[in-house]
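Peer 1: Okay, sequence plus prediction incoming.
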Amino acid sequence: MPAPKHIQTALAPDGRRVTLSCRSENVQGDWQWQMRLTSKTIAVGLGVAGPGYADGAMAALKMSVRQQIVYRAQPLVVMVDAAEESWMAAWKGPHHTLHLGGAAPAPDLGTITGLLDQLSITDTPDGLLVTPQPGSDVVMWGLYGTKYTQAGKISFYPAEDAQGLLPEDQEGLAVDHGRVWVKSMEVDGKDRGRKYLHASANSVALINDSLNRLPWVTKAGQEELLQSLEIRWGR
């Protein structure tokens, strides 16, 4: 029996409506987004996740709260991990969490709020929108989304931002909504496992090959996900 078909839609932080469709036994409900944010004073990773993200990260990474204030009528917490190697600041909006962080030491609270002051933040049930305020020195780039499925983690990018990931000398395998390649990943000369590349008209996705790494991932589940996957970035 085929796995159930899931269709989910949300607003990306830049305002584009993104739709993900696939067959898998389970697909994560929350959307997660990552991007880079740079200014004259700081460069950090910026993310958007579900409303419980900060509490989950605090438990999983054994983080402790260093500071907490009310910012734009919502809680803003600054956390540091147990080894004091990394920090995270999380703004807990009505519907989503806006988080940023990096390697320790954490910047002071004034630096964090000063950075957030340069952003327009609008939290809606469909997604959290975040853009630089007019006249600010903030630049945002490298946006991508992630979803977790029964067959592996999917990271997806707008096609125009990810053409460098696609092999130029291989045609790839045709599937329902694009083409698929297999790519071995190396970082600093170390094998980081395989990933599947899925390219369609306006999206490029990386799917972790977690077969034999996660007990619930099956070959049939992977094949069904890759065959059915469709991701559309709107305007």
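Peer 2: Done, it's in.
Peer 1: quick one, helices of this protein?
Peer 2: 53-60, 109-116, 219-228 (DSSP state H).
Peer 1: Including mean neighbour count, could these go into a markdown table?
Peer 2: The way it works is simple: take the backbone N, C-alpha and C, and place the C-beta from them, glycine included. Formatted as a markdown table, those follow (neighbours: other C-beta atoms under 10 Å):
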| stretch | mean neighbour count |
| --- | --- |
| helix 53-60 | 15 |
| helix 109-116 | 16 |
| helix 219-228 | 17 |
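Peer 1: Let's have those helices in JSON lines, adding distance to Gly93 and mean pLDDT.
Peer 2: Below are the helices of the chain laid out as JSON lines (distance: least, C-beta to C-beta, whole Å; pLDDT from 0 to 100):
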{"stretch": "helix 53-60", "distance to Gly93": "11", "mean pLDDT": "92"}
{"stretch": "helix 109-116", "distance to Gly93": "12", "mean pLDDT": "92"}
{"stretch": "helix 219-228", "distance to Gly93": "31", "mean pLDDT": "95"}
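Peer 1: in the chain, which ranges drop under the pLDDT threshold?
Peer 2: Counting by pLDDT under 70, the ranges of the chain that qualify are 186-189, 191.
Peer 1: And the residue nearest the centre of the chain, how far from Gly193?
Peer 2: Nearest to the mean C-alpha position of the chain, by C-alpha atoms, centre = their mean, lies Trp33 at 3.2 Å. Using C-beta to C-beta, to the nearest Å, Trp33 is found at 23 Å from Gly193.
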